[in-house]
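Colleague: Here is my input, please return the structure:
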Amino acid sequence: MKKQEIPTMIYGIHPVIELLKAKKRKMQTIYTTDPEPKAWSEIVPLLPTYINVKHVTKDALTKIAQTSDHQSVVALAAPFVIRKKFFDPKKSPFLIMLDGIQDPRNLGAILRSTYCSGLNGVILTSKSSSPLNAVALKSSAGLAEHLDIYQTGSIQNAVTELKDAGYNIYLAALDGKDTTTVEYEMPLCLVIGNEAIGISKNILGQGTKIRLPQVKSDISYNASVAAGILMFNIAHQKKII
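Modeller: Sure thing, here's the model as predicted:
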């Protein structure tokens, strides 16, 4: 089996349901318990006819998933589909770029908010970043399956591609402009930095820095929380939601 064909694991009711609804990648195997969980009735109508359901014990599922957070459903599917071509601002005017997000739960939470806020695409950095694994997919409630995701090896290369395409870049930073006072210009890309150090220093001067107001400056919002609020604020201002 070729490396790129190695199946990826998905677990949890919503991640499996959204994978089947999105129809972007082929499911290969699905495991559940006997008796099946109550939510199994939501999965059955979506299952392709070729899928052979394998019933195992809950302990076996925990061993397969390497976590007890599987909700009695674990599946193996083709690798996540990553976009190969960069975004067109006319077709995808509202993007988010994640610069070194390392916690897969933060990654998943941001992808969930991305879907809910109506963004057109996501840019992920491959260096020092969380992989788009089963934990991230579970944290996104499976909604990552519906997103258009592009991966870049270098944050600077991504910024160059954004500028060449005509995107306005907004960087979340503690010393930025109050987001509630900024008039955002489309097409745009919102950049969210690493949980510990924020946005890479080499790109901080290559866009407009924005911030979320807060009562005290001794600590900042969690990265996924900040991303969700900023996405909502922009989407609301531009009448996307």
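
Colleague: quick one, what contacts Pro213?
Modeller: Contacts of Pro213 were listed using CB atoms under 8 Å, 6 or more residues apart in numbering, and they are 178-180. The way it works is simple: take the backbone N, C-alpha and C, and place the C-beta from them, glycine included.

Colleague: Over to Thr114?
Modeller: Contact analysis of Thr114 by CB under 8 Å, 6+ apart lists 96, 122, 147, 227, 231.

Colleague: Any chance of CSV for those, columns secondary structure, distance to Ser140 and pLDDT?
Modeller: Shown next, in CSV, are the contacts of Thr114 (DSSP: H, G, I helix; E, B strand; the rest coil; distance: CB to CB, whole Å; pLDDT from 0 to 100):
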residue, secondary structure, distance to Ser140, pLDDT
Ile96, strand, 13, 98
Val122, strand, 11, 98
Leu147, coil, 8, 98
Ala227, helix, 12, 97
Met231, helix, 14, 98
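
Colleague: Serialize the residues you listed to a markdown table and add fields for distance to His70 and neighbour count.
Modeller: Output for the contacts of Thr114, formatted as a markdown table (distance: CB to CB, whole Å; neighbours: other CB atoms under 10 Å):
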| residue | distance to His70 | neighbour count |
| --- | --- | --- |
| Ile96 | 28 | 26 |
| Val122 | 25 | 24 |
| Leu147 | 23 | 21 |
| Ala227 | 26 | 26 |
| Met231 | 29 | 23 |
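
Colleague: Over to the closest residue in space to Gln151 that isn't next to it in sequence: give its phi and psi.
Modeller: Once flanking residues are discounted, Gln151 sits nearest to Leu124: 4.9 Å by CB to CB, 6 or more residues apart in numbering. The phi/psi pair for Leu124 (degrees, to the nearest 10) reads phi -110, psi 140.

Colleague: follow-up on the earlier one: make JSON lines out of the contacts of Thr114 and add distance to Lys90.
Modeller: Supplementary listing: the contacts of Thr114 in JSON lines, determined by distance: CB to CB, whole Å:
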{"residue": "Ile96", "distance to Lys90": "18"}
{"residue": "Val122", "distance to Lys90": "18"}
{"residue": "Leu147", "distance to Lys90": "19"}
{"residue": "Ala227", "distance to Lys90": "24"}
{"residue": "Met231", "distance to Lys90": "20"}
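
Colleague: hmm, back to that, closest to Leu76 among the contacts of Pro213?
Modeller: Thr179 (41.2 Å; CB to CB).

Colleague: Pull the number of nearby residues for that closest one.
Modeller: Using other CB atoms under 10 Å, the number of residues around Thr179 comes to 20.
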